[in-house]
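Student: Next come a sequence and a model predicted from it.
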Amino acid sequence: MVRRHALVLMIMGLLSTALAARETGDATGRRIPVPDRIARVMAAGPTAAVVLYVLAPDLMVGWPSAPRPNEREFIRPSARDLPELGRLTGRGDTANVEVVLKARPDLIFDFGSVTPTFASLAARVQEQTGIPYLLIDGHLDHTAASLRELGRVFGVSDRAEAVARYVEDTERLIDERLKDVPARRRVYLAREPNGLETGLAGSINTEIIERAGGINVAERGSGRGGIANVSIEQVLAWAPDTIITWDANFFASYAADPVWGAVPAVKAKRVFLAPRLPFGWIDAPPSINRVIGLRWIAGLLYPEIFPEDIRASAREFITLFYQIDVSDSQLDRILAGAQPGGRGR
Amino acid sequence: MAAVMRLEARDLSIGYRGHLVGSDISLSLGPGEVLCLLGPNGAGKTTLFRTLLGLQPALGGVVLIDGAPLAALRPAEIARHLAYVPQAHVTEFSYSVLDVVLMGRTARLKPFSSPGAADERLARDKLAGLGIADLAAQDYTRVSGGQRQLALIARALAQETPILVLDEPTASLDFGNQALVLGRIRDLARQGFGIVLSTHDPDHALLVSTRVAIIADGALRAIGSPDAVVTAEMLSAIYRTQVLVEETPSGRRVCVPAWESAAPRG
Amino acid sequence: MRHGVFVLLLAALVAALLLGLAVGPYPLGFADVLHAAARAVGVDNGAPTPGEIVFGRVRLPRVAAGMLVGAALAGAGTTYQTLFRNPLVSPDILGVATGAGLGAVAGILLSLPVAGIQGLAFVGGLATVGLVYVIAAALRGHDRTLVLVLGGVVVGALAGACISLVKILADPYDQLPAITFWLLGSLAGVKLADLATVAPLVLAGLVPLVLFRWRIGVLSLGDDEARSLGVDVFRLRALVIGAATLMTASVVAVSGVIGWVGLMIPHIARMLVGPNFSRLLPASMLLGASFMLIVDMAARSIARVETPLGILTAVLGAPFFLWLLARGRRTWG
C-alpha cells in the first residue's frame, strides 16, 4: 500500500516537474512562461551576449558574432569556440530562424532598448519558434536590477548578485566623488580614422563618458540618433580639453596633423585610446562591458579625485566579469595609449 | 594641278561580319560626274555608301581614292577627299545653322584648334552659295527639312573636298524642296564636283545623273548612262511592278506605273 | 553678349568664394586672414593662432576642394552628355561613382586609414570604367555607344550590389555609420594634402578635354557623321572617357558620392550659353564650382553637425528636374 502511494507521489512529482513552468515578466510587460531549469540560452545580439558571457558562460549556445582573433585570448577557453549564430536584432539581422531552432535554446533574450519595434520583433520570433524571448532593459541606470532579474531566470543568482553589486558600487563611487569636482572636463569622442565622427550628448555611444563626469562637447541640437559627422572647424570651436578615441588609425595619425594640433586637448597631450579588449570599454557593444570604462574615464578626467590605480581596477574587473586571469604584459597591451604619459600612473 | 581625283570601287563585297549584303560591285567617279545609286529599299544602298565612305570595312575588294586604298587612310585624310551629306535629321542639341556648317571645317583644322574668323567667313560663303545665308544664326532644329538638307550640303562644301556623297538627299522633302536640292546638285556638278547620291526615285536619277548604277538584291545589276540603264524593263524587274518610261513634250524622261488609263474618270 | 555671360559666371564664382571663406562654425576674424596671408609670404608672427590655422588649413582647402569638386563633376557631366548625345546622362553613367563608392566602403570595412580609403575609391572608380570598356570592346558589331551605356548600367548595378553586401558585413557600431555618411558625400575631412593630390589629377583630365574641345563637340553628331567629318571617333572617345573618368574618380575619392551636380549644371549652362562644347565646358565648370561652394556652405552651417552634400544636391536637383520636364521643350538647350 505504501509502495502504491509512493508510486503515485513519484508520478505526480514527475508530472509537476515536467509541466511546471515559471512565468517571468520582461521589460515589455509581457508575462512569459519559461522552464524551471535553463540549460541553453541564446543571446539575440552583442549586448546580450556580453551579459550572458558574464553571468552564465556555461549556458551559452553560441555568439551572435564570433570573437575576433585578438579578443580570443581574453575569453574563457570553454566559450571561445562556440559557434557563430548571427544577430536577431539591431541593424543587420542575420540570424536565420532555422539556425535558432537548430541551436535549441531554452530561452532567447536581448539586452538594450525596449521600443515597440523590438518588442514586436521579440513577440514575432517567439511565435515562430515557440522559444520564450525576453527583452531586458539595458539602460545604464537599470543595469543592476536587470542583472539580478536575469540571475533569477538563469538560476545564477549568487553570481548575478556579485556582478550587480560591482556595478552599483562603481556608480555610487563615481556619483559621490563627482560632487567634489570643481570644474567638469570637456570631452570629444573621436570616431573613424579621420576623427570627425562623434557621438552626440546623451547618446548611448557616449553615455559612459557623461556618466563618468565628462561634458560631451557635441551637444545634441536638432539631430536625432546618436552618431553625427562634424568638421574639424567645429571641433576647434568646441575646444575640448580631452579627446577619447578607440580608432587605432586616428590615434596613430592625429599627432602629425597641425590642424588637430590646435585643439586644446592635443596641446595638453590629453588624447587617449580607449581599450577594446576583450570588449570595448566605452562602446562596441554598449553593454555591461562599459562599467570598467566608468572607472577608467573618471580616473582620466579627475585623477586627484579618483586616484585608484587603473591597472588594479582593470584586473579586478576582468577577473570578476570575464573570469580569467590577466598577466602584466596582457594588461599592458589592453591599456596601451589609455593613460597619460604611457604606462603606469 | 593635281591628278584628277577619282573614287573607285573594285570588286567590292559589302556587308557586316557574317552577313554578306552585296558582292562584285565595281564603279568609279570623277569630277563633274553625278553617279546615282538607284534601287529599292533594303537593296544595300546604305551599306554600299557606308563602305565607300570608310564607315565600315569592305568584306572583299577595295575602295580607292585617287589610287590609294581607303583602308590605309585615317579619318581626317578621308575627310579631305570625301564629304558626306546624310539625310537631314534633327540633332539632340540646338546648334545654330552656322555651327553645323562650321563642323565641316574639322578636317581642315589642326588637331587642337577651333574654327577661326577665316573659317567662319568660308562657312558663311557656302551658305550664301546655296541661297540660305540668312539662316546662319537660326536654330538648326527649327528650320524646315529642306533648309536642313541645304545646311548639311553647305557643311559638306565647307570641307572643301572634290567629291560629295549624298544619302537620299530628297527623302522626306516636299516637292518644292526636292526640286531645290536637286537643282543645287546639278549646279555643283557643273562646278566640277564629283557627286555620288542614292535615291529610290527613278525620276530623280533621270533628272540629275550622268551615270546610274542599279543596286538590287545585293548586286550591281547595271551601270551606265541614265538612258541606257533606266528602262521600263529594268525598273519593272527591280520594283516588281509594271513601270513605263515615257518621254515628255519638253524632252525629259519620266517613269510612271503602267496602269490602264491615266486617271480615274470622273 | 557672348562674353557677357562668362563675366557674370566669373563674378558669381568670386562672390561664392568670398562667401564660402567667410562662413563656417569657427568664428574667424579679419586678423586671422591677415596673419595667414602674412605667413604665406614669409612673415613670422610666432606660433599660429587657431584662427590662422582654421583659415589656412581648414577653410581654404575646403573651399578650394568645393570648387574643384563642383567644376570636375560639372565638366565630366557636360562631357558625357555631349559624348552620349543625351542630356539626361550623369557622370556616373559608366559607373565611376558607384565603383569609387565600392572601393571606399571596402576600405572602411578593412579599417584602412584615410589615405587607403581614398586610394581604393580612386582605383575602384577607374577599374569600373575600365571593366565597362573591356565589355564594350568584346561585344563588337553593335552600336558602341549603346553597348557602353548598357555595360555601365550592368557593372554599376553589380557594384551597387557589392556595396550592399559590404554594408551587411560591416560592423554596425563602428563602420556602418561611416559607410552611410561616405556614400552621401561630404567635404568635412578635406586637408591640404588631399588638394595637392586631387588638383593635378583633375587638371590632367581637363587638359585633353580643353585641347580637343572642338572635336568633342563634333562627336555629338553621332559616330558616322563625326567620322566622315574627319574625327577619329574610336580613339577620341576612349581618350575623352578616360579624361572624364579621371576627373570624376579623383574628386569622388575625396568627397564621396555627390549626385545631381553632373546632371543639372550642364543643363543650366546649356540654357545660358548654348550647346557648343567649346563654350559649354567652361561655363559648366564655372557654374559647378559656384554651386558646390554654396551647397557646401549650407552643409556646414545648417546645423552644428555636417549635412551630407548628396542630400542637399538632391533636395535642390529633383525639383529642378521636374520643372525642366514640365517646360517640355522639344529639344534640350
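Tutor: Nice, I can see it.
Student: okay, now whichever residue of the stretch 51-200 of chain A sits closest to chain B: neighbour count?
Tutor: For the stretch 51-200 of chain A, the residue closest to chain B is residue A:194, as judged by C-beta to the nearest C-beta, at 41.0 Å. Yep, even glycine has a C-beta here, placed from its N, CA and C like the rest. Using other C-beta atoms under 10 Å in any protein chain shown, residue A:194 has 24 neighbouring residues.
Student: Same check on residue C:11?
Tutor: By other C-beta under 10 Å, neighbour count at residue C:11 equals 12.
Student: Doesn't it belong to a strand?
Tutor: No: Residue C:11 is assigned helix when assessed by DSSP: H, G, I helix; E, B strand; the rest coil, not a strand.
Student: Residue C:88 against residue C:263, yeah?
Tutor: Yes: assessed by C-beta atoms under 8 Å, residue C:88 is found in contact with residue C:263 at 7.4 Å.
Student: Between those two, which has more neighbouring residues?
Tutor: The neighbour comparison of residue C:88 against residue C:263 (other C-beta under 10 Å) goes to residue C:263, with 24 against 12.
Student: Quick check: chain neighbours aside, which residue is closest to that one?
Tutor: Of all residues not flanking residue C:263 in the chain, residue C:90 sits nearest, at 4.3 Å (C-beta to C-beta, 6 or more residues apart in numbering or on different chains).
Student: What residues does the one you found make contact with?
Tutor: Residues in contact with residue C:90 (C-beta atoms under 8 Å, 6 or more residues apart in numbering or on different chains) are C:77, C:80, C:259, C:260, C:262, C:263.
Student: repeat that with 10 Å
Tutor: Residues near residue C:90 by C-beta atoms under 10 Å, 6 or more residues apart in numbering or on different chains: C:73, C:76-77, C:80-81, C:97, C:248, C:259-264, C:266.
Student: And for residue C:243?
Tutor: Listed by C-beta under 10 Å, 6+ apart, the contact set of residue C:243 reads C:75-76, C:79, C:202, C:204-212, C:216.
Student: Distance from the one helix or strand it maps to to the middle of the chain?
Tutor: Using DSSP states H and E, the element containing residue C:243 is helix C:233-255. How far helix C:233-255 lies from its chain's middle: 11 Å, per C-alpha atoms, centre = their mean, to the nearest Å.
Student: Could you name the helices and strands sitting against the following helix or strand past it?
Tutor: Next helix or strand after helix C:233-255 toward the C-terminus (DSSP H and E): helix C:261-273. Applying 3 or more C-beta pairs under 10 Å, 6 or more residues apart in numbering or on different chains; DSSP states H and E, one finds that helix C:261-273 contacts helix C:2-22, helix C:60-83, helix C:277-301, helix C:309-327.
Student: Buried deepest among the ones you listed, which one?
Tutor: Scoring the helices and strands packed on helix C:261-273 by mean neighbour count under mean count of other C-beta atoms under 10 Å in any protein chain shown gives helix C:60-83 as the most buried, with a mean of 28.
Student: need the next SSE after that helix, C-terminal direction.
Tutor: Past helix C:60-83, the next helix or strand by DSSP H and E is helix C:96-109.
Student: Give me the contact status of whatever helix or strand comes next after that next one with chain A.
Tutor: Later in the chain than helix C:96-109, the nearest helix or strand by DSSP H and E is helix C:114-138. Yes: with C-beta under 10 Å from any C-beta of the partner chain as the measure, helix C:114-138 is seen reaching chain A through C:114, C:115, C:116, C:117.
Student: Now the last one. Nearest residue, chain neighbours left out?
Tutor: If I follow you right, that is residue C:117. Residue nearest to residue C:117 in three dimensions, not counting chain neighbours: residue C:107, with 3.6 Å by C-beta to C-beta, 6+ apart.
Student: Residue B:212 is in contact with residue B:33, isn't it?
Tutor: No: the criterion here is C-beta atoms under 10 Å, and residue B:212 misses it with residue B:33 at 11.3 Å.
Student: okay, those two: which has more neighbours?
Tutor: Neighbours were counted for residue B:212 and for residue B:33 using other C-beta under 10 Å; residue B:212 has more, 24 against 18.
Student: ok, back up a step: which one of the contacts of residue C:243 sits in the busiest neighbourhood?
Tutor: residue C:76 (36 neighbours).
Student: Can you give me the pLDDT of residue A:2?
Tutor: For residue A:2, the model assigns a pLDDT of 59.
Student: Kindly report the same for residue C:282.
Tutor: pLDDT recorded at residue C:282 is 96.
Student: Next, work out how far apart the spatially closest residue to it that is not a sequence neighbour and residue C:87 are.
Tutor: For residue C:282, ignoring the flanking residues on the chain, the nearest one in space by C-beta to C-beta, 6+ apart is residue C:6 at 7.1 Å. Going from residue C:6 to residue C:87 by C-beta to C-beta, to the nearest Å gives 21 Å.
Student: same deal with residue C:311?
Tutor: Counting by C-beta to C-beta, the gap from residue C:311 to residue C:87 is 24 Å.
Student: Against residue A:127, how distant is the residue of chain C found nearest chain B?
Tutor: Of all residues in chain C, residue C:230 sits closest to chain B, at 3.0 Å by C-beta to the nearest C-beta. According to C-beta to C-beta, residue C:230 and residue A:127 sit 73 Å apart.
Student: and residue A:115, how many neighbours does it have?
Tutor: Residue A:115 has 11 neighbouring residues, counting by other C-beta under 10 Å.
Student: same question, residue B:155
Tutor: Using other C-beta under 10 Å, the number of residues around residue B:155 comes to 28.
Student: What residues does it make contact with?
Tutor: Applying C-beta under 10 Å, 6+ apart to residue B:155 gives the contacts B:83-86, B:97, B:99-106, B:123, B:126-127, C:221, C:225, C:229.
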